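**Student:** next input, structure requested:
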Amino acid sequence: MQPYNPRSDRSQAAYNEEIAGRKADFDLSKETILEEFEHWVIIENRFPYDNIARINHLLVSKEPISSIIVADQVVKNEYDFIMSQLASSDDYDAYIENFPKATTVKTHHHLHLIAWHNSA
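**Tutor:** Prediction:
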């Protein structure tokens, strides 16, 4: 039995192709920025978890940091501010943050901002 994949076959195939051809870990210039902050951006996820979510954006650090744990205090403060704003908005239902062993983008801390299929 195969493990459940939050991505559709189409999204997973596109993701696999991107990972196989990737020369650098992450290139923000390839992304569609939806909202920009000083140290963070919210981007469209080109490889969404579309089996489980109707919206899947990403909150991504602009500068290379492997984890919020190693970020400097200014970056952490802005992260906390953004998360507090997201928690009180109607845009998303949840966020998903992978542990380092499951993250393919190792140089830019990111988390998935999710609106479930059954939410309005």
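**Student:** and the contacts of the longest helix belonging to the chain?
**Tutor:** Secondary structure assigned by DSSP state H gives helix 73-87 as the longest helix of the chain. Applying C-beta atoms under 8 Å, 6 or more residues apart in numbering, the contact partners of helix 73-87 are 37-40, 59, 61, 63, 65, 68, 71, 92, 95, 113. The way it works is simple: take the backbone N, C-alpha and C, and place the C-beta from them, glycine included.
**Student:** among those residues, name the ones in helices.
**Tutor:** The helices, defined by DSSP H, take in nothing from those.
**Student:** which one of those is nearest Pro48?
**Tutor:** Leu113 (10.6 Å; C-beta to C-beta).
**Student:** correct me if wrong: the closest one contacts Ser89.
**Tutor:** No: assessed by C-beta atoms under 8 Å, Leu113 is found out of contact with Ser89, at 10.1 Å.
**Student:** can you pick out the residue with more neighbours from these two?
**Tutor:** Per other C-beta atoms under 10 Å, whichever of Leu113 and Ser89 has more neighbours is Leu113, with 22 against 8.
**Student:** got a list of what the more buried one touches?
**Tutor:** 42, 55-59, 86, 91-92, 95.
**Student:** neighbour-wise, which of these leads?
**Tutor:** His57 (24 neighbours).
**Student:** nearest residue to that residue other than its sequence neighbours?
**Tutor:** Closest residue to His57 apart from its sequence neighbours, by C-beta to C-beta, 6 or more residues apart in numbering: Leu113 at 4.4 Å.
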